[in-house]
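> Here's a sequence, model it:
(2 chains)
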There are 2 protein chains.
Amino acid sequence: MSDPMRIRATEKDGIVDVKILMKHDMESGQRKDASGKLIPAWFINMLNVKAQGKDVFNAEFGPGVSKDPFLNFKYKGSKGDKLVVKWIDTKGDKRTDEATVS
Amino acid sequence: MSDPMRIRATEKDGIVDVKILMKHDMESGQRKDASGKLIPAWFINMLNVKAQGKDVFNAEFGPGVSKDPFLNFKYKGSKGDKLVVKWIDTKGDKRTDEATVS
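Predicted structure coming up:
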């Protein structure tokens, strides 16, 4: 079971600033464990952000993105907008979290 | 001719913090001009970031993304990494800018 994302979304002058912190180990597949064996790749590769049901942002991460990925972007929106953020990782695990713009 | 992006990339403890500010009007297609005519949609819809020749980040923007889009993310990297950032907009215009991680 994955940990919830931390989502902060605040509006000023019609622009919503969205900050998303995902909790994920983001194993690149190039790291070795204590016994020298490669740790298999396991990372979030797709992120989708919807505001009021409409896509505002999609991201594809490569294996180089760091542990607990952070993302910050802006879109034209309003206080009270409902955000739905989803990610999928390379094992097919999914997580969806929601936030309301303040 | 489009204006250059402002790219800031700084490394700390193996993590590179990348901030990208694109210069683009990002017309959503839903705004009207002074005479009441719709201004056609024209926005950046694809962004690609490579570090040392490898994809670290791809983004797809919807029409709701605000003027002069800003993006901030992190990846596992080093001082001196060469970043290449490209965007394409809905008219097919492209822009590529480079930066070196400090």
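
> shaky segments in chain A?
Counting by pLDDT under 70, chain A contains low-confidence ranges at A:1.

> What parts of it come near chain B?
Applying Cβ under 8 Å from any Cβ of the partner chain, one finds that chain A approaches chain B through A:14-15, A:28, A:51, A:54-62, A:64-66, A:69-77. Where C-beta positions appear, they are placed from N, C-alpha and C, glycine not excepted.

> Inside strands: which ones of those residues?
Judged by DSSP state E, the residues of chain A next to chain B include A:15, A:51, A:54-61, A:70-76 as members of strands.

> among the residues you listed, which ones are buried?
A:51, A:56-61, A:70-71, A:73-76 (16 or more other Cβ atoms under 10 Å in any protein chain shown).

> mind listing the helices in chain A by residue range?
Counting by DSSP state H, one finds no helices in chain A.

> how much space between A:Gly14 and A:Asp3?
In this structure, A:Gly14 and A:Asp3 are 32 Å apart, going by Cβ to Cβ, to the nearest Å.

> Quick one: residues in contact with stretch A:15-25.
A:2-11, A:42-44, A:47, A:49, A:51, A:57, A:67-78, A:81, A:83, A:85, A:87, A:89, A:95, A:101, B:66 (Cβ atoms under 8 Å, 6 or more residues apart in numbering or on different chains).
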